[in-house]
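Asker: From the sequence below, what's the structure:
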Amino acid sequence: MQLVFYAAIAFTAFCTIALLMMPVLLRPSPEAQRILEIVKSNRPDERRIGSKEQMHGRLLQLAHDLRSRLGLSDNPKLRARLLAAGMRDSSAADLFFAAQFLTPLLIAFLGSFIPENTLFWICAFGIAGYMAPDIWLTRCTKRRKERIRRSLPDAIDLITICVDAGLGLDQALLRVGQELAVSQPDINEEFTQVNLEQRAGKPRLEAWQSLADRSKIDELTAFANMLTQTDRFGTPIIRALSRFAEDLRMKRRQRAEEMAAKTKIKIIFPLVLCIFPCIFIVLLAPAILSISQGMKGMGN
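Answerer: Below is the predicted model:
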């Protein structure tokens, strides 16, 4: 076991030294430096970049260079998951890769301090550390979907009111996003993304369909289909929005009733395991003590 412990320490030290030497080994070539000097501007930068931001940028650049060296290209499925979780930054994939690369090493190093079954704990902690970022991303995606699903009926009601007041659908979308920016920032980000895509030249229906594909929420998919049918058959948009808002309200009420009905089943387990034993002890313990004392007196 000592050999495994020393091997783990040596491997961790090697990885640390390799990460520290990466900026030196991966520095740009003389040709790239000459091009950088040509395109570099002499205008002074008024914004001061702190040491924390510089360190963050260096780590992201290091993770990106390491991905390029290893030949790990951008995964479309991972990119879709990051977008569904609300991570739109271009460096989100590099951060996720760095987390999947460094977390197993750190947790495996901590597992090497366990004196018994060291190799087993190193492997177990390494696997857990590799799966931890993926589990965290899945939980973030589910929470964000639930927040958008809860805020969607109110957003549709506000869009209906704005369209009924005379605004177009695009202007109503911007207005509702501004109103919900503080209370519901997730739906505001999605509406802003739709507006930016429309400004870039994407048609309205394709922008809403992209929103439905990106968020993977049934209500938004139904909303995109409703807009498509409205545009195809010429149905008044205000009537379609009002009907869709009523359907969302009814579905939310049915979901609440379903959750309330499930509580009757869920409460059985704490009743049987926690509450009933205490009640039985309080009610039956005095009777059992009295009976045992009576039987003892009869025996004497």
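
Asker: Pull out the buried positions in stretch 279-297.
Answerer: Of the residues in stretch 279-297, none count as buried by neighbour count, 16 or more other C-beta atoms under 10 Å. Just so you know, the C-beta spots here come from the backbone N, C-alpha and C atoms, and that holds for glycine as well.

Asker: Format the CA atom coordinates belonging to it as PDB.
Answerer: C-alpha atoms of stretch 279-297 as PDB (Å, rounded to 0.1, in the frame of the first residue of the first chain):
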ATOM      1  CA  ILE A 279     -46.900   6.500  19.400                       C
ATOM      2  CA  PHE A 280     -46.700   2.800  20.200                       C
ATOM      3  CA  ILE A 281     -44.000   3.400  22.700                       C
ATOM      4  CA  VAL A 282     -46.000   6.200  24.500                       C
ATOM      5  CA  LEU A 283     -49.200   4.200  24.500                       C
ATOM      6  CA  LEU A 284     -48.000   0.600  25.100                       C
ATOM      7  CA  ALA A 285     -44.900   1.100  27.200                       C
ATOM      8  CA  PRO A 286     -46.900   1.900  30.500                       C
ATOM      9  CA  ALA A 287     -49.200  -1.000  29.900                       C
ATOM     10  CA  ILE A 288     -46.300  -3.400  29.200                       C
ATOM     11  CA  LEU A 289     -44.600  -2.200  32.400                       C
ATOM     12  CA  SER A 290     -47.700  -2.700  34.400                       C
ATOM     13  CA  ILE A 291     -48.300  -6.100  33.100                       C
ATOM     14  CA  SER A 292     -44.700  -7.200  33.700                       C
ATOM     15  CA  GLN A 293     -44.900  -5.900  37.300                       C
ATOM     16  CA  GLY A 294     -48.200  -7.800  37.800                       C
ATOM     17  CA  MET A 295     -46.800 -11.000  36.400                       C
ATOM     18  CA  LYS A 296     -43.800 -10.600  38.600                       C
ATOM     19  CA  GLY A 297     -46.000 -10.100  41.700                       C
END
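
Asker: Report the mean confidence score over it.
Answerer: Stretch 279-297 comes out with an average pLDDT of 79.

Asker: what separates it from the chain centre, distance-wise?
Answerer: 55 Å (C-alpha atoms, centre = their mean, to the nearest Å).

Asker: now stretch 198-206
Answerer: Computed by C-alpha atoms, centre = their mean, the separation of stretch 198-206 from the middle of its chain amounts to 26 Å.

Asker: Likewise for stretch 235-255?
Answerer: Distance of stretch 235-255 from the chain centroid (C-alpha atoms, centre = their mean) equals 28 Å.

Asker: so what's Gln193 up against?
Answerer: Residues in contact with Gln193 (C-beta atoms under 8 Å, 6 or more residues apart in numbering) are Arg88, Leu211, Arg214.

Asker: didn't the last one look like it was pressed against Leu83?
Answerer: Yes: assessed by C-beta atoms under 8 Å, Arg214 is found in contact with Leu83 at 5.2 Å.

Asker: quick one: buried residues of the helix or strand containing Thr228?
Answerer: In this structure, Thr228 is located in helix 218-233 according to DSSP states H and E. Neighbour counts over helix 218-233 (16+ other C-beta under 10 Å) mark Glu219, Leu220, Thr221, Phe223, Ala224, Met226, Leu227, Thr230 as buried.

Asker: Could you pull out the helices in the stretch 101-250 of the chain for me?
Answerer: Using DSSP state H, counting those that start in this stretch, the helices of the stretch 101-250 of the chain run over 118-164, 169-179, 185-199, 204-215, 218-233, 237-266.

Asker: Identify the residues contacting the shortest one?
Answerer: When you say that, I think you mean helix 169-179. Residues from elsewhere that reach helix 169-179, judged by C-beta under 8 Å, 6+ apart: 155, 158-159, 162-163, 167, 187-188, 191-192, 194-195, 198, 204, 237.
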